[in-house]
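Asks: coords please:
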Amino acid sequence: MLNGWLEHHRAILLWKCEGLTDDQLRQRSVPPSTMSLLGLIRHMTDVERGWFQEVFLGEDVPPLYETPDDRDGDFNGVDDADVAAAFGAFEAECEASRRAAAAADLDALSEYRTERTGEQFSLRWILSHMIEEYARHNGHADLLREAVDGTTGYY
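Replies: Here you go, the predicted model:
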């Protein structure tokens, strides 16, 4: 069920981006926000990578868009971003996340331990958190899409 809801929310984000031009995907919301649909795709790519590859599997993978000088690089760097590459990276990270989740039990604990408490995260917690993360950002995507071309609706 958790994997099903996560897939549902991944599909909603992609659906909200369907049929738009590169410029429409780059269109910002309301100043001072730098949020855009392309920025959301890039952000969720780094979120997928961070929670499944880095936290759960313990791999040493840097974020694709965030840098030490720009923690919001996923949103700030969309003006000259390669849109096809961003969607390709999103699909690749989602697939890597699917493989990580499929290979473990829901109660399996992350390799990563928080620095402050040493706490680990169960796969169940990570999946639940990812559903929450997508749900929140899909609300943003609804508003962004409506501002771009007036399209509204639920998947």
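Asks: I'd guessed Arg49 sits against Val61; true?
Replies: Yes. Under the criterion of C-beta atoms under 8 Å, Arg49 makes contact with Val61 at 5.9 Å. Every C-beta, even on glycine, is put in place using the N, C-alpha and C of the backbone.
Asks: List the residues that contact His140.
Replies: When contacts are counted by C-beta atoms under 8 Å, 6 or more residues apart in numbering, His140 touches 29, 35, 40.
Asks: Report the secondary structure state of it.
Replies: Using DSSP: H, G, I helix; E, B strand; the rest coil, the structure places His140 in helix.
Asks: Which ones among the contacts of His140 lie within helices?
Replies: Leu40 (DSSP state H).
Asks: For Asp72, state which of the contacts of His140 is nearest.
Replies: Met35 (9.5 Å; C-beta to C-beta).
Asks: where does that closest one land on pLDDT?
Replies: Looking at Met35, its pLDDT is 97.
Asks: contacting residues around the nearest residue to it once chain neighbours are set aside?
Replies: Spatial nearest neighbour of Met35, chain neighbours left out: Ser29 (4.6 Å); criterion: C-beta to C-beta, 6 or more residues apart in numbering. Neighbouring residues of Ser29 by C-beta under 8 Å, 6+ apart: 35-36, 140, 143-144, 147.
Asks: ok, back up a step: and which of the contacts of His140 is nearest Thr114?
Replies: Closest to Thr114, out of all of the contacts of His140 and judged by C-beta to C-beta, is Leu40, at 26.3 Å.
Asks: is it true that that closest one touches Gly139?
Replies: No. Using C-beta under 8 Å, Leu40 is not in contact with Gly139, being 10.6 Å away.
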